[in-house]
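[1] mind folding the following:
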Amino acid sequence: MTAKTGSLIKKETRPWGRYEVLLRQSGAQVKRIEINPGSRFSLQKHFLRSEKWVVISGKGTATVGKKIISVKPGSFLDIPCGRVHQMSNKGLKPLVLIEVQLGDYLGEDDIVRLKDDFGRC
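    Residues are numbered from 1 along each chain as shown. The predicted structure is shown next:
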């Protein structure tokens, strides 16, 4: 099941992998995120939303604030609004996680990139 934005299904490819919006409603959005082996997304933070992550498959390393956390299937992480965070795939297979975003504004332009492997800072 996928969420629709207007008449379009919301799927995005990124340099580190891809995501798909599963649900979007006022104040909440749910994404399935897949990170390619050996890749990671930006070290980032958001000012208008918090996030919850549940790792579904794969192995990796999460940064949440100053903590570095090894993750595997079943790992749950809470990322408060304004907290620096990043997920890295250290495995040989895609790392898949479900991300629940909560906040008054859930747009992609609320990403503040602090460090990025793809020159997007």
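[2] who touches the helix or strand hosting Q44?
    Element membership of Q44, judged by DSSP states H and E, is strand 43-46. The contact list for strand 43-46 (Cβ atoms under 8 Å, 6 or more residues apart in numbering) reads 63, 81-86, 103, 110-116. Using the backbone N, CA and C atoms, a C-beta is placed for each residue, glycine as well.
[3] can you flag which of those residues belong to strands?
    Counted as lying in strands by DSSP state E, out of the contacts of strand 43-46, are T63, H85, Q86, G103, I111, V112, R113, L114, K115.
[4] quick check: the first one touching I79?
    No. Taking contact to mean Cβ atoms under 8 Å, the distance of 9.9 Å between T63 and I79 leaves them out of contact.
[5] those two: which is more packed in?
    I79 (24 against 20; other Cβ atoms under 10 Å).
[6] can I assume the more buried one is in contact with H85?
    Yes. Using Cβ under 8 Å, I79 is in contact with H85, at 4.7 Å.
[7] tell me, how many residues neighbour T13?
    Residues near T13, counting by other Cβ under 10 Å, number 9.
[8] is it in a helix, a strand, or coil?
    At T13 the chain is in strand, as set by DSSP: H, G, I helix; E, B strand; the rest coil.
[9] and it, how far from Y19?
    T13 is 9 Å from Y19, where distance means Cβ to Cβ, to the nearest Å.
[10] likewise K10?
    Taking Cβ to Cβ, one finds K10 at 9 Å from Y19.
[11] give me the more crowded residue out of these two.
    Set K10 next to Y19 and count neighbours by other Cβ under 10 Å: Y19 wins out with 19 against 16.
[12] following the strand or helix carrying that one, which helix or strand shows up next?
    In this structure, Y19 is located in strand 17-25 according to DSSP H and E. Downstream of strand 17-25, the next assigned helix or strand under DSSP H and E is strand 28-35.
[13] avg pLDDT for that next one?
    Confidence for strand 28-35, expressed as mean pLDDT, is 97.
[14] just stretch 42-51 next, same as before
    95.
[15] what comes up buried for it?
    S42, L43, Q44, K45, H46, R49, E51 (16 or more other Cβ atoms under 10 Å).
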